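Q: Build me a model from this:
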Amino acid sequence: MSGEMPPEKPNHGPVSQGHASAATRDGSGEKLNHSDRVDDDGGKPAKWKIVGPGLVVAATGVGAADMVATLVAGSRYGYGLLWAVILGVFLKIILVEGAGRFTLATGYTIFEGWRSLGKWTTWYFGPYIMIWGFVYGATAMSSAALPLAALFPVFPLWVWAIVMGLAGFVMVWFGRYATFEKITAALVGIMFVTVVGLAIIAAPNLPEMVTGLVPIIPEGGLLYTLALAGGVGGTITLAAYGYWLREKGWYTPKWMKVMRIDNSMAYVMTGIFVIAMLIVGAEVVRSAGVSLSAGDEGLLDLSTVLREEYGDVVGIGFLVGFWAASFSSIIGVWNGVSLMFADFWGNIRGKESGHPDTRVGGKYFRFYVLWLTFPPMILFALGQPIGLILAYGVLGSLFMPFLAVTLLGLLNGKRIPKKYANKLHTNIALAVVALLFIVLGINQLVGAVAPLFGS
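A: Okay, the predicted model is just below:
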């Protein structure tokens, strides 16, 4: 598929037998497939529930690295970057809404949309999703293992990492979307209670928080501010939102309003979570006068501080929240990015999006779940191969600019029905988002290639 696509997709392909609502029926009692883009709700009015695809994409995007970045921001600048955190929430709402709107308005997946922009999108996305999955698999498993190794030091870190990878594998391999969504909701509940509860215990300075709403960039903190606004909760899983809408059974434009509420409320919850981490950084880490380690290990440092300040219950509770945040990212990526790969490979093989091989439980989906789980375990023995990490950094720095720029192309012109196309204000907002991610991407790209020049 290249060039412009028709405004709406007449055929959405058959439904996987593994899909929870494969045998929905209309009023006549006849079985339905999705050849006419029929929603999996029997024609009921579209209603929003707090647990939905938005909560899944938001929970998956916020991991341990985001928690550390926000903690460090609070410890360095107090509440001075609160405005950047709030801005970041709006940026993610804009991006994810765009991905969801394209899918509901056209019936096409995001990858089908990218292909309509030219072959260059496939040449970028193909290598990216393979390299990203290999490196991220090891990173995610190690992140979820860190708090468990601290709580239960009977096994070394690599053993817990393998256990976490296998646990995510089993849940996604054998589970349906509805089960996956419920597990994610439970993990979000644990994250929310532990982190927001900790922020309340830390007693935020409300007058200082109000001053933090004024957009001021601290001296020498421009790139850090941009990274905080653009990086928290920003990964490839933002583009997976449309696939989760489909797994939920939301196919048609009647879900447009519900999708926007679903997305907005999920990222409002994410914003509350991130603000809570900023409070902990400002009130606990800064007052303790400690420097957190780089990477996920910084959360272990915080747990030590919390035990000293508030006792073992609070310190252990935070480790549980740390684990929930990390493990929610594992199962979210194992599910959502596997759906993206399955759609990509299915299209390359000439199979329409929606073919059973591309859905949950399909052979392409299962291949990528295997790819995320087992080959990355090799890295536990090899460490960090410089060439692979370099490729991961280069391709990863380009993904968010890629998403923002391609959404501008997909949400304007003949690729989307005029009713759902971008208005002037949404184009301006998305252009600002694209510019921000291009700046961030260039900075990350420079950081990724720096080892080649000995810096």
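
Q: now for the one helix or strand residue 149 maps to, which elements pack on it?
A: Element membership for residue 149, per DSSP states H and E: helix 119-151. Taking 3 or more CB pairs under 8 Å, 6 or more residues apart in numbering; DSSP states H and E as the contact definition, the neighbouring helices and strands of helix 119-151 are helix 64-77, helix 110-116, helix 157-174, helix 297-310, helix 312-348, helix 363-373, helix 378-382, helix 386-410. For every residue, glycine as well, the C-beta is placed using N, CA and C.

Q: Minimum distance to residue 46: which of those helices has it?
A: If you check each of these against residue 46 by CB to CB, helix 110-116 wins as the nearest, at 21.3 Å.

Q: Put the alpha carbons of the closest one into CSV.
A: Output in CSV follows, covering the C-alpha atoms of helix 110-116 (Å, rounded to 0.1, in the frame of the first residue of the first chain):
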residue,chain,number,x,y,z
ILE,A,110,-1.5,2.9,12.5
PHE,A,111,0.9,0.7,10.5
GLU,A,112,-1.4,0.7,7.5
GLY,A,113,-1.5,4.5,7.8
TRP,A,114,2.3,4.7,7.9
ARG,A,115,2.6,2.5,4.8
SER,A,116,0.4,4.9,2.9
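
Q: what's the offset of it from the middle of its chain?
A: In this view, helix 110-116 has its centroid 19 Å away from the chain centroid, taken as CA atoms, centre = their mean, to the nearest Å.

Q: elements contacting it?
A: Looks like helix 110-116 contacts helix 82-106, helix 119-151, helix 312-348, helix 386-410 (3+ CB pairs under 8 Å, 6+ apart).

Q: Quick check: buried residues in the longest one?
A: Residues of helix 312-348 classed as buried by neighbour count (16 or more other CB atoms under 10 Å): 314-347.

Q: Need the per-residue pLDDT for the spatially closest residue to residue 202 that is not a sequence neighbour.
A: Once its chain neighbours are removed from consideration, residue 202 has its nearest residue in residue 283; the separation is 4.0 Å (CB to CB, 6 or more residues apart in numbering). Per-residue confidence (pLDDT) for residue 283: 91.

Q: and residue 283, what is it in contact with?
A: 74, 202-205 (CB atoms under 8 Å, 6 or more residues apart in numbering).

Q: same deal with residue 366?
A: The contact partners of residue 366, by CB under 8 Å, 6+ apart, come to 173, 338.

Q: The same query, at a cut-off of 7 Å, please.
A: Taking CB atoms under 7 Å, 6 or more residues apart in numbering as the criterion, residue 366 is in contact with residue 173.

Q: Could you double-check that residue 296 sits in contact with residue 63?
A: No: with contact taken as CB atoms under 7 Å, residue 296 and residue 63 are classed as non-touching, separated by 8.4 Å.

Q: just checking, residue 158 touches residue 379?
A: No: taking contacts as CB under 7 Å, residue 158 lies outside contact range of residue 379: 9.9 Å.

Q: So the two - more neighbours on which side?
A: Just comparing residue 158 and residue 379: by other CB atoms under 10 Å the higher neighbour count belongs to residue 379, 21 against 17.

Q: Mind pulling up the pLDDT for the more buried one?
A: According to the per-residue confidence, residue 379 scores 83 in pLDDT.

Q: The one 10 residues further on too?
A: At residue 389, the predicted lDDT confidence score is 60.

Q: next one: the one 10 residues further on
A: At residue 399, the model reports a pLDDT of 85.

Q: That one: neighbour count?
A: 22.

Q: Distance check, the closest residue to it other than its chain neighbours against residue 340.
A: Computed as CB to CB, 6+ apart, the closest residue to residue 399 that is not its neighbour in sequence is residue 236, at 5.9 Å. Here the criterion is CB to CB, to the nearest Å. By it, residue 236 lies 7 Å from residue 340.

Q: swap in residue 126?
A: Residue 126 sits 11 Å away from residue 340, taking CB to CB as the criterion.

Q: pLDDT below threshold where in this structure?
A: 1-37, 40-43, 223-224, 227, 230-234, 294-295, 383-395, 448, 451-452, 454-455 (pLDDT under 70).

Q: what's the overlap in contacts for residue 296 and residue 63?
A: The contact sets of residue 296 and residue 63 overlap at residue 143 (CB under 7 Å, 6+ apart).

Q: more crowded one of the two?
A: Just comparing residue 296 and residue 63: by other CB under 10 Å the higher neighbour count belongs to residue 63, 27 against 21.

Q: Do I have it right that that one meets residue 146?
A: No: using CB under 7 Å, residue 63 and residue 146 do not qualify as a contacting pair, with a distance of 11.5 Å.

Q: picking up where we left off before, got CSV for the helices and strands packed on helix 119-151, with distance to residue 264 too?
A: Written out in CSV, the entries for these read as follows (distance: least, CB to CB, whole Å):
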stretch, distance to residue 264
helix 64-77, 19
helix 110-116, 19
helix 157-174, 27
helix 297-310, 28
helix 312-348, 19
helix 363-373, 29
helix 378-382, 37
helix 386-410, 17
